[in-house]
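Participant: I would like the atomic coordinates for the input below:
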Amino acid sequence: MIMNVLMEILGIIFLWLGLALSILIHEAGHMTGYKRAKGKEDWIIQIGFGKTLIKTKHFDIRAVPFSGVFNAPEDTYTKAQALMCAAGGPVFNLMVILALFALRSGSFNESLAFFDYYEPTWDFIRTYNVIMFLSAIIPMRYPAFFPIIGRMESDGMHIMKILRDKEI
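Facilitator: Predicted coordinates:
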């Protein structure tokens with residue numbers, strides 16, 4: 001009985017870490033594009049909403065990991081720089097999705113009971129990444145009720161505007 005409770009608690013921790021890491025990787029994609037474009041260290045990534053758990057110079061990690069945002073000061077960008085910054089998140093998301101599908105279908109997986117026991121958790125994290133990728137690349141304004149990103153434009157909307165504009 002105690003072992004089952006511990007396994008369930010571990011599953012909740014694994015789910016929380018999987019969601020937070022998924023958001024971190026997406027936002028790190030934007031950060032990578034920004035650092036390549038501008039070479040500056042004046043950025044911050046916020047993961048989640050609610051009570052602050054960890055706050056450093058570059059990271060603000062909150063209790064509920066269901067959205068995130070990359071913040072950097074307003075600056076002028078060339079078209080290529082703006083595209084690098086906007087596309088970084090979805091590109092990194094796509095890499096996570098491919099890695100999660102490879103992990104789940106890989107032959108090395110047969111020796112790891114961990115994957116089997118937490119299969120629903122893996123499936124949720126993989127599905128969450130697919131939804132995050134699709135909601136990032138579809139050109140739209142997020143609904144107001146979305147925490148942190150409500151009323152903001154998606155990465156796809158930014159990319160579409162960058163490609164349409166002759167100047168940034």
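Participant: quick check, Gly150 in a helix?
Facilitator: No. Applying DSSP: H, G, I helix; E, B strand; the rest coil, one finds Gly150 to be coil, outside a helix.
Participant: Leaving out the residues flanking it, which one is nearest to it?
Facilitator: Sequence neighbours aside, Ala144 is the residue nearest to Gly150 in space, at 4.5 Å (criterion: Cβ to Cβ, 6 or more residues apart in numbering). All C-beta spots, glycine's among them, are computed from the backbone N, C-alpha and C.
Participant: Same question for Leu24.
Facilitator: Ile47 is the one closest to Leu24 (Cβ to Cβ, 6+ apart), at 5.7 Å.
Participant: So which elements touch the helix or strand encompassing that neighbour?
Facilitator: In the assignment (DSSP states H and E), Ile47 maps to strand 44-55. For strand 44-55, the elements it packs on are helix 2-38, strand 59-71, judged by 3 or more Cβ pairs under 8 Å, 6 or more residues apart in numbering; DSSP states H and E.
Participant: Need the winner for burial among the ones you listed.
Facilitator: strand 59-71 (a mean of 18; mean count of other Cβ atoms under 10 Å).
Participant: any idea which helix or strand comes after that one?
Facilitator: Using DSSP H and E, the next helix or strand after strand 59-71 towards the C-terminus is helix 79-105.
Participant: Just want the angle from that next one to strand 59-71.
Facilitator: Angle between the axes of helix 79-105 and strand 59-71 is 130 degrees (criterion: axes from the mean of the first three to the mean of the last three Cα atoms, to 10 degrees).
Participant: Now do the buried residues in stretch 156-165.
Facilitator: 156-160, 162 (16 or more other Cβ atoms under 10 Å).
Participant: Let's have those in JSON lines, adding distance to Val96.
Facilitator: Below are the buried residues of stretch 156-165 laid out as JSON lines (distance: Cβ to Cβ, whole Å):
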{"residue": "Gly156", "distance to Val96": "17"}
{"residue": "Met157", "distance to Val96": "21"}
{"residue": "His158", "distance to Val96": "20"}
{"residue": "Ile159", "distance to Val96": "19"}
{"residue": "Met160", "distance to Val96": "23"}
{"residue": "Ile162", "distance to Val96": "23"}
